[in-house]
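*Asks:* I'd like to go over a predicted model; first the sequence, then the structure.
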Amino acid sequence: MEITIVGAGVSGLTTGIRLLQQGWKVRIISKEFSPDTVSDVAAAWWYPFLVEPVEKTNQWSIQTFNELVRLRDNEGVECISMRLGREYLEQECELPGWSFNIPHFRILNQNEIIRGYEFGWELEAPVIEMNLYMPWLLSKFRTLGGSIESNEFDSIEEVPGEFIVNCSGLGARLLSNDEEVIPVRGQVVYIKQDPGFGRYDQRPESLTYTIPRRDVTVLGGTAQKGDWDETIRKKDTEDILSKCEVFWPDLDRQNIVGSAVGLRPSRYELRLELEIINNKKVIHNYGHGGAGVTLSWGCADEVVKLLKVNMLI
């Protein structure tokens, strides 16, 4: 029996790979493929961000962390690297649940905390160069025997096949008539300069990050809910640079090499569940917000589990 996945972003491709590894026949149908998906412009540092429910997403994040490390170490995926990052907070708070399950996590000393903040922590986590990782995922999917097809639909009922996995991201607004899915606009700046370690304030209202990759450092950011504008805005660029210069005083604007915008597919909580629609067995896997990469492999494993537990195949 063939499984049809709708959507070819990072969630669709990782889910497709996992299903193929189980021996099932899989095809992906999507309007857009790499390099034209929102996943291609993700920053992308492993970090659970803008996604609920945390009791589930913490576990899926750790599963993804471990798989990204395995891909780097065992399969030689060079576009995944491990980098240190420091998160700054205005006041002391409870440590995130995922922090107890990664190899390097520590509370910052007071002299390591920048002015304007009172608390923080350091972690080492995967950084992924999405312009290379997305083609790698697509190639892996094809090598395992998966097929792809370009098409778009107005509703899930139009999707051919009896077994469907809905990884349509923002497209779920139309495909599943789910108005809870909204864009959270993210704009970034690329700079050819290495800050040594990443610096972060992950609050949506003051979102700031410097993500050092091998090719560039990604500066951000914005988290503008309900904003569909995919053009580069000069004001946002200036705001991003000003915020990052506070965190990284040595930032040299002469090293800027580009900018990008992506619309995160946000929802009040991630939707990962089985639904029967007109005799079609549909597993929804969308609403990952700013944590699509961070959750990708964990959610893919959950899709496999749902198929097996419900004995759909």
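*Replies:* That came in fine, so what should we check first? Source: prediction; values computed, not measured.

*Asks:* wait, residue 10 sits on residue 292?
*Replies:* Yes - counting by Cβ atoms under 8 Å, residue 292 is a contact partner of residue 10 at 5.2 Å. Bear in mind the C-beta positions are built from the backbone N, C-alpha and C, glycine included.

*Asks:* who touches both of those two?
*Replies:* Residues touching both residue 10 and residue 292 (Cβ atoms under 8 Å, 6 or more residues apart in numbering) are 39, 42.

*Asks:* ok, these two, which is more surrounded?
*Replies:* Regarding residue 10 and residue 292, a neighbour count based on other Cβ atoms under 10 Å identifies residue 10 as having more, with 31 against 28.

*Asks:* Just list the residues touching that one, thanks.
*Replies:* Applying Cβ under 8 Å, 6+ apart, one finds that residue 10 lies in contact with 37, 39, 42, 130, 133-134, 137, 292-293, 296.

*Asks:* repeat that with 10 Å
*Replies:* Residues near residue 10 by Cβ atoms under 10 Å, 6 or more residues apart in numbering: 34, 37-40, 42, 44, 128, 130, 133-134, 137, 167, 169, 288, 292-297, 299-300.

*Asks:* Got phi/psi on the closest residue to residue 11 other than its chain neighbours?
*Replies:* Counting by Cβ to Cβ, 6 or more residues apart in numbering, residue 11 lies nearest to residue 167, which is 4.4 Å off, once chain neighbours are set aside. The phi/psi pair for residue 167 (degrees, to the nearest 10) reads phi -110, psi 40.

*Asks:* tell me which residues in the stretch of helix or strand residue 241 belongs to are buried?
*Replies:* Applying DSSP states H and E as the criterion places residue 241 in helix 234-247. Using 16 or more other Cβ atoms under 10 Å as the test for burial, helix 234-247 gives 236-237, 240, 243-244, 247.

*Asks:* just checking, which of the contacts of residue 10 belong to strands?
*Replies:* The strands, defined by DSSP state E, take in residue 128 from the contacts of residue 10.

*Asks:* Can you pull out the residues in contact with stretch 300-313?
*Replies:* 1, 3, 5, 10-19, 21-24, 56, 59-60, 63-64, 67, 162-163, 165, 167, 272-274, 281, 283-285, 295.

*Asks:* Please spell out which residues along it are buried.
*Replies:* Going by neighbour count (16+ other Cβ under 10 Å), the buried part of stretch 300-313 is 300-304, 306-307.

*Asks:* pLDDT averaged over it - what is it?
*Replies:* Mean pLDDT, stretch 300-313: 84.

*Asks:* do the same with stretch 64-72
*Replies:* For stretch 64-72, mean pLDDT is 98.

*Asks:* contacts for it?
*Replies:* Here stretch 64-72 makes contact (Cβ under 10 Å, 6+ apart) with 14, 18, 46-48, 57, 77-82, 98, 101-103, 125-128, 133, 136-137, 140, 291, 293-301.
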